[in-house]
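Asks: no sequence on this one, just coordinates:
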């Protein structure tokens, strides 16, 4: 039977899935006064953790989150979530265009981001608060394995040490992640962009 491998920083609670910690996060010292901005933008929960690691008080700070999972972490930190996008950078950009074009926004981001679309807004100020690093992880996978990639970084880190040769089923969390995989490879993408949906889709591919 096929084995499902989850290539991500965070493991799944599903015991049938083998977690490969292909990436790791390094938090950087935040050197910005977040209270000078109308709201913060988070496209990753890691940015929230990075601000917290810099001992910044997040309580009651307004924020726009890329998806519900990120918004959940923000609410746990007692932040005021004013909008939640649909899981992509493009959907965050659409929110800004529709509602927050005149607001002074701070985009708390990684040193390398999958999409630069938010750079197009003059009212969005980027501040790097963390960086994603590769774990030295060379895989030995069985025939008929199913690989789940949860971010462009997971793809890049995997390809540094491993080959996709003979892997028939690959699942990517979204179109952006898919774009980092070789074009000639067929990739499955769930309708909803979440790790859980990736796992559910991968299970349907088991032979």
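Replies: Thanks, I have it. Computed from a predicted model, the values in this text were never measured in an experiment.
Asks: Who are the packing partners of the helix or strand hosting residue 24?
Replies: Assigned by DSSP states H and E, residue 24 falls within strand 23-27. Applying 3 or more CB pairs under 8 Å, 6 or more residues apart in numbering; DSSP states H and E, one finds that strand 23-27 contacts helix 45-53, strand 124-134, helix 152-161. Where C-beta positions appear, they are placed from N, C-alpha and C, glycine not excepted.
Asks: which ones are touching residue 69?
Replies: 45, 194 (CB atoms under 8 Å, 6 or more residues apart in numbering).
Asks: Pretty sure it sits in a helix.
Replies: Yes: per DSSP: H, G, I helix; E, B strand; the rest coil, residue 69 lies within a helix segment.
Asks: how much space between it and residue 204?
Replies: Noted for residue 69: a distance of 22 Å to residue 204, by CB to CB, to the nearest Å.
Asks: for residue 26, same thing?
Replies: Residue 26 is 36 Å from residue 204, by CB to CB.
Asks: Kindly report the same for residue 172.
Replies: 15 Å.
Asks: now residue 180
Replies: Distance from residue 180 to residue 204, by CB to CB: 23 Å.
Asks: between these two, which one's more packed in?
Replies: residue 180 (17 against 10; other CB atoms under 10 Å).
Asks: Where does that one fall, secondary structure wise?
Replies: Using DSSP H and E, no helix or strand contains residue 180.
Asks: Is it in contact with residue 152, as I believe?
Replies: Yes: between residue 180 and residue 152 there is a contact under CB atoms under 8 Å: 4.3 Å.
Asks: okay, and the common contacts of these two?
Replies: residue 114.
Asks: give me the number of residues near residue 126?
Replies: By the measure other CB under 10 Å, the count of residues near residue 126 is 15.
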